[in-house]
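Peer 1: Got a sequence here, can you build the structure:
(chains A, B, C and D)
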Protein chains: 2
Amino acid sequence: MTTNALPIGEIARRTGLRPSAVRYYERVGLLRPVPRAGGQRRYDPSALHRLSAIRLAQRAGFSLEEIKRLFEAERRPGGAGWRALVEAKLDEVRARIDEAQTMERMLLESLDCGCEAFDECPLVEVPNG
Amino acid sequence: MTTNALPIGEIARRTGLRPSAVRYYERVGLLRPVPRAGGQRRYDPSALHRLSAIRLAQRAGFSLEEIKRLFEAERRPGGAGWRALVEAKLDEVRARIDEAQTMERMLLESLDCGCEAFDECPLVEVPNG
DNA sequence: GTGCAACTTGAAGTCAACTTCAAGTCAACG
DNA sequence: CGTTGACTTGAAGTTGACTTCAAGTTGCAC
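Peer 2: The predicted model follows:
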């Protein structure tokens, strides 16, 4: 046997994605085409890892296009451009964390003052131009 | 004069939104209809604060529907349901922060080991069912 | 071999969040 | 008074990320 080769339904079940999503990822180039058994996709378990990485990056706010570039960057030899790309992404992630933390403080503050708070929270920066 | 009443273009310029977006927010109920001068919207500067709060919440990952509910919740008297809603949002924000921080560690790790890292980062949790 | 669930494809549909378009209105300048 | 530019409306178009559909094929149990 060629070790455990999972059909798309099994991949879907384990990742919580729908088969259609997995096929979609393949179509847009996020997943390389996998070997077929009689036309049907057979996945190596490592696909689970890849899919999980995609979900995480996505929940962290990245578009499929960005995630794709992130994956592609790491395949380039010499590590020329990819380091800069990862650093750029790092900046983005940190900005996201900052914003989420500001939101957290806003929500906490609005819990504290108790009334019409969120709408008037002083943590929101109003443009002054 | 009825204090500074800003036309939609000015609101757009200051918030970085397009006028069409501001009208859209009104249409979907995120912004209450404002007074008109000869058919044209005239905004109180407080609208800038509201719009900024919207942008922040949006960047923190909330849909317009969710933001709307957040605003509506704070208007209910007694603070009955809105406290629970804000607390639920808090949980969501914290989950987002966690995920973004995992992304951050993944990216850092992939910078450290230098090669095909992001795709194989051990920080990604693979489902085991 | 029969049947059924799970798979295949391409095309079309959906949803959010807008943007663009067409056609028209209004204020102000010269 | 004419025209310019910012505004108005409703309707239709766009993008990303999928899902749904129709029509057909395959894998496996019985």
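Peer 1: and the next element down the chain from the longest strand belonging to chain A?
Peer 2: Longest strand in chain A, counting residues (DSSP state E): strand A:40-43. As assigned by DSSP states H and E, the chain's next helix or strand after strand A:40-43 is helix A:46-59.
Peer 1: who does that next one touch, helix- and strand-wise?
Peer 2: Packed against helix A:46-59 by the contact rule (3 or more CB pairs under 8 Å, 6 or more residues apart in numbering or on different chains; DSSP states H and E) you find helix A:8-15, helix A:19-27, helix A:64-75, helix B:82-113, helix B:117-120. From N, CA and C alone the C-beta is placed, and that goes for glycine too.
Peer 1: Turn those helices into CSV, including mean neighbour count and mean pLDDT.
Peer 2: Converted to CSV, the helices and strands packed on helix A:46-59 look like this (neighbours: other CB atoms under 10 Å in any protein chain shown; pLDDT from 0 to 100):
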stretch, mean neighbour count, mean pLDDT
helix A:8-15, 18, 96
helix A:19-27, 15, 98
helix A:64-75, 17, 85
helix B:82-113, 18, 88
helix B:117-120, 19, 68
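Peer 1: Reformat those helices as a markdown table; add distance to DNA strand D.
Peer 2: Shown next, in a markdown table, are these (distance: least, CB to the nearest atom of the strand, whole Å):
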| stretch | distance to DNA strand D |
| --- | --- |
| helix A:8-15 | 9 |
| helix A:19-27 | 3 |
| helix A:64-75 | 3 |
| helix B:82-113 | 15 |
| helix B:117-120 | 17 |
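Peer 1: Tell me which of those sits nearest to residue A:47.
Peer 2: helix A:8-15 (6.1 Å; CB to CB).
Peer 1: is the closest one anywhere near DNA strand C?
Peer 2: Yes: residues of helix A:8-15 are located near DNA strand C by CB under 7 Å from any atom of the strand, namely A:8-10, A:12.
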